[in-house]
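> sequence plus predicted model, see below.
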Protein chains: 2
Amino acid sequence: MGIKELARHLNISIGTVSRALNGHPEVNAETRKRVLEAAAALGYAPDQAGRSLRQGTLNVVALLLSTDLTSKTDTMFFMELSRGIQDQFAEHGLDLVIHLNKPGMDMLDRVKRIVERRQADALILAETRDNDPRLDYLAGRSFPFATMGRSWSGGSHPWMDLDFDFAMRAAIDRLAGFGHRRVALVTGDPGYRLDTMLQDAYRRELMDRGIAIDEALMIRADTHEEGGYKAMTEFLAMAAPPTAVIFPHYRAVVGAYACLSESGLQPGRDVAILSCSADTTIAQFMAPPLTCFRLDLYGLGRRLAQALLATMPRFAESYGGALIQEIWPWELIGRDSDGFRVG
Amino acid sequence: MGIKELARHLNISIGTVSRALNGHPEVNAETRKRVLEAAAALGYAPDQAGRSLRQGTLNVVALLLSTDLTSKTDTMFFMELSRGIQDQFAEHGLDLVIHLNKPGMDMLDRVKRIVERRQADALILAETRDNDPRLDYLAGRSFPFATMGRSWSGGSHPWMDLDFDFAMRAAIDRLAGFGHRRVALVTGDPGYRLDTMLQDAYRRELMDRGIAIDEALMIRADTHEEGGYKAMTEFLAMAAPPTAVIFPHYRAVVGAYACLSESGLQPGRDVAILSCSADTTIAQFMAPPLTCFRLDLYGLGRRLAQALLATMPRFAESYGGALIQEIWPWELIGRDSDGFRVG
DNA sequence: GCTATCGTCGTAAACGTTTACGGAATAGAT
DNA sequence: ATCTATTCCGTAAACGTTTACGACGATAGC
């Protein structure tokens, strides 16, 4: 059931059918109606391959995720983000497809393949690194892309990022307000922009308050349960353990909670625990409820898609054409996991 | 950079170039080498649109998920499953793309769109319902598809499913062994095959042991934290509360734990809690550690992909050509959340 | 020396669209 | 009656591939 059959069925040329379906003005209203009705009745929809071959566009945007990271941290984060991205694209008839990259495979190869085989019109990347060859490659070929998280690579491109400075300030404000002076920070793999920024903000905030920085209080750990467990174990073994710990993610906190309770300690009474990112509904039901930050991930996804659309020639006019780069706020949700006064 | 440029650059016809790249035998070994080298050097990769237009195949399989369900239950479940599916397809050069369906949109429309526009060569559906028009549609157009979960619809098609009978027997065996007679079951939305099967198995197992079925002990709830919290609240308000509760999912258990602790009760001492599906790493770190079932989701995904491949003409030979339908086992991981003797 | 076979390659058609171009028909103006 | 403008539509080329078909030279068999 191609456009040819449809045209023959209507005794009309295929050119007219195509024009009718695509809303061109130079077609009789009566004819258009007939075409649309016949198309609906016969279940005709234009073949993507033929269309994209002709006009060099697929109406597909790819989102590249690594199963590595998504399995180690929060899948919810990316689901909500993807939902927002997809809804925004849907308004322009674009489909979002998610490519999962397995741990071993080089992400750059994956990107190259998508670009060279023209599997997408544009690309969204997450988990940006400080130095990210993927972005340089895309920028070099002037392929439209946007990233979740800033990077030094890729020249000036659209991105969305989180306000780590604000988050860290709010977190340390709160903890310092409760009297904490030995505040520890757990971060993920070095090299990721996210972790770099968290550490920088952490250092800055402590220094601003005249609190000496103890490098031993900044440790790296996987951002899942076991990582949190190990990190907490390490802290408890110190001569002078921290009285408060900031985790990047709630899953690590689950491990930390378990570690504390095994040692007869209680989070929120003996050690203050605070998490940056979190599934806020699960955080609310933890024992004790976890202080964390709320993010409008859905809105963030939508905006990220908008930023990308603004750089695509076909859609730029709808978005003003200016480069969109935004830093999104976090909202601190204070709960019981760190709500106690120390010293 | 199309095949034409590449051919001109080599002083060879495009036919030969195409044959060389696709491994046809009727091409000189020397020529093939030259072509492959030039392609790599110039970064040539065949255009997907052109190729699929010609041979009517996209090398793409779509996985359809609803953000509705994935946000209410476990995103991890689908991530692991997707990872397995993708790895299996990758062995045949097929890409997996994930389509997220937003809550309001009709899944059937989405399926129709993918089929009519030829956006994929095959489809994988999850969250099957007892009566699922999507499957009938696909079967009617003889479009290759496979499902996660059985259904009454769609005729005989490849699927993977879980052994609910076994799981329920193992769960109730264990609970009955601890002396429990009032065992409750929390399930999700009616109509989903998963929930139907859990309920059936539950009834059967109780009857087999001569335990009278109390319909009040089977309640429906959303399978997330709040749903679990509400369900537990309802149970506690009963004149004769259950001494054990089986939840479908660990996220609901998080809510139940919170509810119990608010009532001064302790899971694993006052009420036995058991969860079917769970992220086993998080379950291990809960307090108390949660008894649940382990699934080889990655392997399940791979096998589901194989089942689909076996029905696709191009690949059938590699998989024997027979219809693949399998019921996968769960492995009971006994922990402390239900490990106590009652009565 | 003629034919048959084989290995290798070039030619051109086909896949399903979109769109530039031109033509036919109608209407309005002179 | 002629000319122009407008509206609508048909024709055909083009997008980048794959592949059936035929052609060519070389080799082998007789």
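In hand now; what should we look at? Numbers count the residues shown, from 1 in each chain, chains lettered A, B, ... in the order given.
> tell me the spacing between residue A:79 and residue A:220.
Residue A:79 sits 26 Å away from residue A:220, going by Cβ to Cβ, to the nearest Å. For glycine as for every other residue, the C-beta is placed from the backbone atoms N, C-alpha and C.
> er, residue A:257 I mean
Applying Cβ to Cβ to residue A:257 and residue A:220 gives a distance of 20 Å.
> A strand includes residue A:185, no?
Yes. Residue A:185: assigned to a strand according to DSSP: H, G, I helix; E, B strand; the rest coil.
> okay, it: pLDDT?
We have a pLDDT of 97 for residue A:185.
> how many other residues sit next to it?
Residue A:185 has 26 neighbours, counted by other Cβ atoms under 10 Å in any protein chain shown.
> can you name every helix or strand that the strand or helix carrying residue A:83 contacts?
Using DSSP states H and E, residue A:83 maps to helix A:75-90. Counting by 3 or more Cβ pairs under 8 Å, 6 or more residues apart in numbering or on different chains; DSSP states H and E, the packing neighbours recorded for helix A:75-90 are strand A:60-66, strand A:95-101, helix A:297-309, helix B:67-72, helix B:75-90, strand B:95-101.
> sorry, back to before: who's more crowded, residue A:257 and residue A:220?
residue A:257 (28 against 15).
> got the contact list for residue A:126?
Residue A:126 is in contact with A:63-65, A:69, A:78, A:81, A:147-149, counting by Cβ atoms under 8 Å, 6 or more residues apart in numbering or on different chains.
> for residue B:275, state which of those is nearest.
Proximity of those to residue B:275 (Cβ to Cβ) peaks at residue A:78, which lies at 23.8 Å.
> and the gap between residue A:137 and DNA strand D?
Shown here: residue A:137 relative to DNA strand D, a distance of 19 Å by Cβ to the nearest atom of the strand, to the nearest Å.
> in the sheet, who's paired with the closest residue to residue A:195 other than its chain neighbours?
Nearest non-adjacent residue to residue A:195, counting by Cβ to Cβ, 6 or more residues apart in numbering or on different chains: residue A:187, 4.4 Å away. Beta bridges link residue A:187 to residue A:220, judged by DSSP bridges.
> distance of residue A:187 from residue B:14?
Distance from residue A:187 to residue B:14, by Cβ to Cβ: 53 Å.
> of the two, who's got more company?
Using other Cβ under 10 Å, the more surrounded residue of residue A:187 and residue B:14 is residue A:187, with 23 against 15.
> chain B contacts on the stretch 51-200 of chain A?
Taking Cβ under 8 Å from any Cβ of the partner chain as the test, the list of the stretch 51-200 of chain A residues beside chain B reads A:52-53, A:58, A:67, A:70-71, A:75-76, A:78-80, A:82-83, A:86-87, A:90, A:95-100, A:102, A:112-113, A:116-119.
> and DNA strand C, which of those residues reach it?
residue A:53 (Cβ under 7 Å from any atom of the strand).
> which among the residues of the stretch 51-200 of chain A next to chain B end up buried?
A:52-53, A:58, A:67, A:70-71, A:75-76, A:78-80, A:82-83, A:86-87, A:95-100, A:112, A:116-119 (16 or more other Cβ atoms under 10 Å in any protein chain shown).
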